[in-house]
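A.B. asks: quick one: sequence plus predicted model below, questions after.
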Amino acid sequence: MTSSRRTKLAVIGSGLMGSALARAFAAAGHDVAVWNRTPSKAKAVGGGTTAFESLVDAVSGRELVVVSVSTYAASAELFSSQAVASAMAGKTLVQLTSGSPADARSGLEWARAHGVDYLDAAILTFPAFVATDYATVFYAGARAVFDRHLETLQAIAKNCVYVDEKIGSAATLDCAILEAFYGGSLAVLHAAAMCQAEGLDPKAFFAQKNSFLGLISVTADAAQGMIENNDFTGQQCSLNTHVAAIEHIVRLSTDARISSRFPRELLENYRRALGAGLGEQELPAVFRTLKQD
C-alpha cells in the first residue's frame, strides 16, 4: 500500500521485526532511516532504506521514530544520552518493543520529560506477515497523536487498532491475547500427547478442532456478559461438574505416564473456586478467584 503522504521516519532496531517494519514503510513510499547497534545489520535491511551509524543522525530531521528492539531496558539505554534525547524533542516515538504496561508507563514518563509525543504499541503478527491482512497493531496514548500518524502507520498493518489513552492498554491487550494463545496451544499439545500415550492417533483429536474451539468461543461469549454483570449463575454446567472432568484428565495423564503438571495446575485453579463456595455456579465464576493472589 503506497501512502499519499511521504513521511520522514526512522526505525530503530534491525532484527527480524525491525527490518520487516522498515522495508514495509519504505515500500509505502516513506523516507526511512534505519539504525542498529551493529551497523552491518542496518545496512543489510535494504529495500530502499538508508542506514545510519549514528543514532543521533538517524533520528535527526525525522517526524516519526519507531523502536523495535529486544527489551524496553535496551530501548531506555539507547535514548538515555542527552544528545539522543535532545534530537528526539518534538518528534513522535512509537514503541513497538514487546513489554508490560509498567514498561509503557516508564516510556511515557521519559517522553514527557523530553518533549516527545509517545505511542505505545504491540504488533500481533510474525515478521513475514507485516504489511499483510494478517497483521494487527494495537496502539495506546493520546488519540490526537495516533490520528496524526495513522496513515503512515497503516504501512505496517492496515488494521491499526486504537485501544485507549491509558498508555499501558495496548500492552495489556497484547499480553491477554498471547496468554490465551500460549495457554490454549499448550492445552492442545498436551491433549495430543494424551491421545498418543493411550495409543490413539493424534489425528483423531486434531480432526475435532472445531469442537473444542467452539466450546472456547461459547464460554468466552458467556464469560463476557457474566463478568460485566458480576453474575455467574446459570443452568448449563456447574463448576463441580467441570472439576470432576479435570480430575479425569489428571488421572489419565498419570496412568499414561506423561506430564500431568499442566492439568494439575488447571485442577488447582478450579478447585480454588470450589473452596470459595462457587461450585454451583458456571465455569466463568473462576474469574472471581483469579483477581486475588
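C.D. replies: Done, it's in.

A.B. asks: list the helices and strands the lengthiest strand in the chain packs on?
C.D. replies: Identified as the longest strand of the chain according to DSSP state E is strand 117-124. Using 3 or more C-beta pairs under 8 Å, 6 or more residues apart in numbering; DSSP states H and E as the contact test, the elements touching strand 117-124 are strand 92-95, helix 101-113, strand 136-141, helix 143-153, helix 169-197. Quick note: C-beta positions are derived from backbone N, CA and C, even for glycine.

A.B. asks: pull the residues that contact that strand.
C.D. replies: Contacts with strand 117-124, where a contact means C-beta atoms under 8 Å, 6 or more residues apart in numbering, come from 17, 91-96, 98, 104, 107-108, 111-112, 130, 135-142, 145-146, 149, 156-157, 167-168, 170-171, 173-174, 177.

A.B. asks: equivalent analysis for stretch 152-161, please.
C.D. replies: 1, 3, 5, 7, 9, 21, 24-25, 27-28, 30, 64, 94, 123, 125, 130-131, 133, 135-139, 146, 150.

A.B. asks: that stretch: which residues count as buried?
C.D. replies: Thr152, Leu153, Gln154, Ala155, Ile156, Ala157, Cys160, Val161 (16 or more other C-beta atoms under 10 Å).

A.B. asks: what's the angle from the longest strand of the chain to helix 143-153?
C.D. replies: Here the directions of strand 117-124 and helix 143-153 differ by 50 degrees (axes from the mean of the first three to the mean of the last three C-alpha atoms, to 10 degrees).

A.B. asks: how distant is strand 117-124 from the center of its chain?
C.D. replies: 11 Å (C-alpha atoms, centre = their mean, to the nearest Å).

A.B. asks: change the start of the numbering to 33 and stick with it
C.D. replies: With 33 as the first residue, the last one maps to strand 149-156.

A.B. asks: quick one: mean pLDDT for that strand?
C.D. replies: Throughout strand 149-156, pLDDT has a mean value of 97.

A.B. asks: dump it to CSV, restricted to CA.
C.D. replies: Provided in CSV are the C-alpha atoms of strand 149-156 (Å, rounded to 0.1, in the frame of the first residue of the first chain):
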residue,chain,number,x,y,z
ASP,A,149,4.9,12.6,21.8
TYR,A,150,4.6,8.9,22.7
LEU,A,151,2.5,6.0,21.4
ASP,A,152,3.0,2.5,23.0
ALA,A,153,2.2,-0.2,20.5
ALA,A,154,2.0,-4.0,20.3
ILE,A,155,2.2,-5.9,17.0
LEU,A,156,0.3,-9.1,16.7
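
A.B. asks: now the angle from it to helix 201-229?
C.D. replies: Using the same axes, to 10 degrees: strand 149-156 against helix 201-229 is 10 degrees.

A.B. asks: of all the residues in strand 149-156, which ones are buried?
C.D. replies: Asp149, Tyr150, Leu151, Asp152, Ala153, Ala154, Ile155, Leu156.

A.B. asks: could you chop the protein up by domain?
C.D. replies: Split into domains by automatic domain parsing, the chain comes to 40-203, 240-322.

A.B. asks: and among those domains, the most buried is which?
C.D. replies: Burial among these, expressed as mean neighbours by mean count of other C-beta atoms under 10 Å, is greatest for domain 40-203, which shows a mean of 19.

A.B. asks: and the buried residues of strand 149-156, which is closest to Ile248?
C.D. replies: Leu156 (18.2 Å; C-beta to C-beta).

A.B. asks: for His274, see how far away that closest one is.
C.D. replies: Distance, Leu156 to His274, by C-beta to C-beta, to the nearest Å: 30 Å.

A.B. asks: OK, contacts around the residue most central in space within the chain?
C.D. replies: When C-alpha atoms, centre = their mean is applied to the chain, the residue found nearest the centroid is Asp206 (2.9 Å). Asp206 makes contact with Ser130, Ala154, Leu156, Phe170 under the criterion C-beta under 8 Å, 6+ apart.

A.B. asks: let me know the closest of the residues you listed to Ser100.
C.D. replies: Ser130 (9.1 Å).

A.B. asks: in a helix, the closest one, correct?
C.D. replies: No. Read with DSSP: H, G, I helix; E, B strand; the rest coil, Ser130 is coil and lies in no helix.

A.B. asks: and it, how far is that from Arg283?
C.D. replies: Remark: distance between Ser130 and Arg283 (C-beta to C-beta) = 38 Å.

A.B. asks: ok, Met49 next?
C.D. replies: 43 Å.

A.B. asks: before we move on, what about Ala134?
C.D. replies: Ala134 is 40 Å from Arg283, by C-beta to C-beta.

A.B. asks: hmm, who's touching stretch 87-99?
C.D. replies: 39-45, 53, 57, 65-67, 84, 107, 110, 115-116, 119-120, 123-129, 181, 184.
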